[in-house]
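**Student:** With the input below, show me the fold.
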Amino acid sequence: MKNNENAFITSDLSLTATLSLYQPIESLDNSDPRKVYFTFKKTPELEKLIEMYWSGELKVSPLDYFRKLSEIKTRIYSRI
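**Tutor:** Predicted coordinates for the structure are as follows:
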């Protein structure tokens, strides 16, 4: 994971799928042939979601998660 003042950047697909259920993905960077980086606008709400994700407190619908994961994979592979 990378961070800067205004953005949260990650290559973790599971985290991205989960976060994108609550906040939009700002951009994708697939310039590295081995990884795709996803950027989210950094907000206090996003930071709380990340904390809840890693602590196991964030619960999501399995069906919503699967659909979002499929959508993200489509975005990744349609850009290659």
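**Student:** which residues of this structure fall in helices?
**Tutor:** 13-19, 44-55, 62-78 (DSSP state H).
**Student:** Just name the most buried of those helices.
**Tutor:** Ranked by mean neighbour count, the helices of the chain are led by helix 13-19 with a mean of 18 (mean count of other C-beta atoms under 10 Å). For glycine as for every other residue, the C-beta is placed from the backbone atoms N, C-alpha and C.
**Student:** so what does that helix touch, helix or strand wise?
**Tutor:** helix 44-55, helix 62-78 (3 or more C-beta pairs under 8 Å, 6 or more residues apart in numbering; DSSP states H and E).
**Student:** Distance check, the most centrally placed residue in the chain against E45.
**Tutor:** Nearest to the geometric centre of the chain sits T16, at 1.8 Å (C-alpha atoms, centre = their mean). Here T16 is placed at a distance of 16 Å from E45 (C-beta to C-beta, to the nearest Å).
**Student:** swap in S14?
**Tutor:** 19 Å.
**Student:** what does Y53 give?
**Tutor:** For Y53 relative to E45 (C-beta to C-beta), the value is 13 Å.
**Student:** again with T39
**Tutor:** 16 Å.
**Student:** How about the contacts made by L15?
**Tutor:** 50, 53 (C-beta atoms under 8 Å, 6 or more residues apart in numbering).
**Student:** how about a cut-off of 6 Å?
**Tutor:** Y53 (C-beta atoms under 6 Å, 6 or more residues apart in numbering).
**Student:** what pLDDT does it get?
**Tutor:** The per-residue pLDDT reported for L15 equals 97.
**Student:** same check, this time on F40
**Tutor:** pLDDT, read off for F40, is 97.
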